[in-house]
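Asker: model this:
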Amino acid sequence: MNKKAFLIAVITALAGIATAHFYLTRLEHEATGGARIPVLIAARDLKPGTVLKDALLGVRPVPQAYVGERNIYARDSKKVMGIRVSTLIKANEPILWSDLAMIAQPGRDLSGAVQDGKRAVSLPAQSSTFEGLLRPGDRVDILFTPSTGEETSILLQNILVLAVGGQLSEDTEEAPSSFSGRTVTLSVSIEESQLLTQAEHQGLLKLVLRNPEDIELLEGVPKTLRADLVQQAAAAQRRAATANPQPRAIDHVR
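Answerer: Numbers count the residues shown, from 1 in each chain. Below you'll find the predicted structure:
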């Protein structure tokens, strides 16, 4: 009888230990955010325009409670290879779908490519004369010349190209002509979209392509006036005349 009571006590104690362990494990998971999910992070600082490669990616286990829809799972690393990032990402920071300069997730449309806090605005393709070589993910500056033609100034700098014509991807296997469309779609703030709309009605807009590694915003760039063009043309003529002087006539002594 004592043995039976002892056995019941042992079983009860073991059941209590198991229950306590389960409870403590559950509390630990809740306190720490749950199971760890491997997500992609930047192995080093990534400038806007940087093309993602294996060497630039790292993996960090993050508690499930802190993993959002914009996080990129480590298992999806192959989907982002060759894609440019559109924002500055510091080393060890997570890389998000919204950080990418093009639509990488299957089934996404143009609205899904618009960054948080930004808007998509389209400009006529005649603003760009790159013969179909402009790609989604490129960055441009925008020049403005009023209808009077008296001056040209920098309106906006380092603007992301979301789409060219109907192309949303940066597929380099596409023929250049397939990127020739009637519009170029840009990612801008709401204030910048108002500025572009007003400028489009007031004069001529021109896109200037940037190197993807060049993210510097220039300050204090003076406007170019019509008079400057005349002066430059006159100076060019003077330089040409100096470099190629006219042969002098030789006076013959009689």
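
Asker: now do stretch 13-20, average pLDDT.
Answerer: When pLDDT is averaged over stretch 13-20, the result is 76.

Asker: do stretch 110-124 as well
Answerer: 81.

Asker: can you list contacts of it?
Answerer: 86-87, 98, 102-103, 105, 136, 160, 162-163, 168, 182-190, 192-193, 196-197, 200, 205, 207 (CB atoms under 8 Å, 6 or more residues apart in numbering). In short, each C-beta sits where N, CA and C put it, glycine included.

Asker: one more time with 6 Å
Answerer: Here stretch 110-124 makes contact (CB atoms under 6 Å, 6 or more residues apart in numbering) with 98, 103, 162, 183, 184, 185, 186, 187, 188, 190, 193, 196.

Asker: what of stretch 206-221?
Answerer: By CB under 6 Å, 6+ apart, the surrounding residues in contact with stretch 206-221 are 47, 48, 49, 127, 128, 139, 140, 141, 143, 154, 157, 158.

Asker: did I read that right, the third one in a strand?
Answerer: Same thing as residue 49. No: assigned with DSSP: H, G, I helix; E, B strand; the rest coil, residue 49 falls outside any strand and is coil.

Asker: quick one: the strands in the stretch 51-200 of the chain?
Answerer: Remark: strands assigned in the stretch 51-200 of the chain by DSSP state E, counting those that start in this stretch are 57-63, 119-124, 139-146, 151-164, 183-188.

Asker: which one of the ones you listed is the most hemmed in?
Answerer: Of all these, strand 183-188 has the most neighbours on average by mean count of other CB atoms under 10 Å, namely a mean of 22.

Asker: put the alpha carbons of it into CSV.
Answerer: Extracted C-alpha coordinates of strand 183-188, given in CSV (Å, rounded to 0.1, in the frame of the first residue of the first chain):
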residue,chain,number,x,y,z
THR,A,183,5.7,57.8,-69.5
VAL,A,184,8.3,57.7,-66.8
THR,A,185,7.0,57.0,-63.3
LEU,A,186,8.9,58.5,-60.4
SER,A,187,8.7,58.1,-56.6
VAL,A,188,8.3,61.5,-54.9
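
Asker: tell me the pLDDT at the most centrally placed residue in the chain?
Answerer: Centroid check for the chain by CA atoms, centre = their mean gives residue 86 as the closest residue, at 1.6 Å. pLDDT for residue 86: 77.

Asker: which residue ranges of the protein form helices?
Answerer: 2-32, 77-80, 110-113, 190-202, 226-243 (DSSP state H).

Asker: save the ones you listed as CSV, and put in mean neighbour count and distance to residue 40 too.
Answerer: Shown next, in CSV, are these (neighbours: other CB atoms under 10 Å; distance: least, CB to CB, whole Å):
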stretch, mean neighbour count, distance to residue 40
helix 2-32, 10, 21
helix 77-80, 15, 6
helix 110-113, 16, 18
helix 190-202, 14, 30
helix 226-243, 10, 49
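
Asker: wait, which of the ones you listed is closest to residue 68?
Answerer: helix 110-113 (15.2 Å; CB to CB).
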